[in-house]
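Undergrad: Quick one, what's the 3D model for this:
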Amino acid sequence: MLPVFSGKLCQFLSITRFPSILFLGVIYVAYVLVGGLIFWKLEGWYVLQQIDLLKEKRMKLLEKYPCVGQNGLRELAEMIKAASLSGLSPDSNDTADGFWKFTSSSVFAATVVTTIGYGNIIPLTTAGQIFCALFALFGIPLNVVILNRVGKYMLAIERKFCNFLEKKIDRGKCVRISIHSISFVSSAFLYFVVPMLLFKEYEGWSYAEAIYYCFITLSTIGFGDYVADHNPAINYPEWYSCLMAVWIFFGLAWLALLINHSIDLLESLNAYMRRRQNAQAQVEKEQPEKGLKGEET
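TA: Take a look at the predicted model:
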């Protein structure tokens, strides 16, 4: 019974390619740990510096306004936090345009199904939180299917254009590589450079902050430290939200397509290395057999 079970187990592990999965898992864990180490070195000292600076400012504030006291300062901080969640500017009575109105609610729904989740708007009522969970349960798979279809359609248009040019020009392979390169550069310009200039103009961000926001949004990381169309002190044009929605949708489709290409490339590289190992093992296996045949003759 034990040999049969052992044989089935070995067969199962060979089917699931356990060594390959284990190797990828080690690479994944190492990548995450190295990233954590680099972030720790880059950001750790800055956070400690900011903590000391905030403590110093807090002491100066209490010295300047002794009537406030520790409890008053805590209440003031809670009020500012609540005002931020409601879209109220702490230094005025202005509110962010359309907080929990139809436009902003639609943008929030889009951030839910795309899993961006900035965190600048959150449901506070029990009914809203329950509906958010149910809405995401069905909306996220629907969003994945639609973005996948749109991405494949974009790729199909690019391939048809490449096939058309290949028939007209003799150097088909060079044309295909050139078209893919031009498509990548133009898409990167459209989804990163143009929004970067727009955000710098209307949000007042630097170029680095704007390009950082573009990638964090389109990769659906969505930290929420930078959110466009959210500053209550800025009067945004009416077309700004619509343009944001279009940019996010097609940008997500393009980036998903790019990530799929990267995954295909990694899988192809993994398959190539596996074929090379098998070929090398086959050569090593054939060498002793040839030696034995030579001795027999």
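
Undergrad: ok, which stretches of the stretch 51-200 of the chain are helices?
TA: Secondary structure of the stretch 51-200 of the chain by DSSP state H, counting those that start in this stretch: the helices cover 69-85, 102-113, 126-168, 172-188, 194-203.

Undergrad: what would these look like in JSON lines with mean pLDDT and distance to L257?
TA: Where you see a C-beta, it was placed from the backbone N, CA and C, and this is true even at glycine. Shown next, in JSON lines, are those (pLDDT from 0 to 100; distance: least, CB to CB, whole Å):
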{"stretch": "helix 69-85", "mean pLDDT": "75", "distance to L257": "35"}
{"stretch": "helix 102-113", "mean pLDDT": "81", "distance to L257": "18"}
{"stretch": "helix 126-168", "mean pLDDT": "83", "distance to L257": "4"}
{"stretch": "helix 172-188", "mean pLDDT": "75", "distance to L257": "9"}
{"stretch": "helix 194-203", "mean pLDDT": "93", "distance to L257": "18"}
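
Undergrad: Could you provide the ones you listed in CSV, with additional columns for mean neighbour count?
TA: Output for the helices of the stretch 51-200 of the chain, formatted as CSV (neighbours: other CB atoms under 10 Å):
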stretch, mean neighbour count
helix 69-85, 12
helix 102-113, 16
helix 126-168, 13
helix 172-188, 14
helix 194-203, 17
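
Undergrad: As CSV, these with distance to P232 would be great.
TA: Shown next, in CSV, are these (distance: least, CB to CB, whole Å):
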stretch, distance to P232
helix 69-85, 9
helix 102-113, 12
helix 126-168, 21
helix 172-188, 32
helix 194-203, 13
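
Undergrad: Of these, which is nearest A256?
TA: With respect to A256, and counting by CB to CB, the nearest of the helices of the stretch 51-200 of the chain is helix 126-168 at 5.1 Å.

Undergrad: and the angle from the closest one to helix 172-188?
TA: If you take axes from the mean of the first three to the mean of the last three CA atoms, to 10 degrees, helix 126-168 sits at 150 degrees to helix 172-188.
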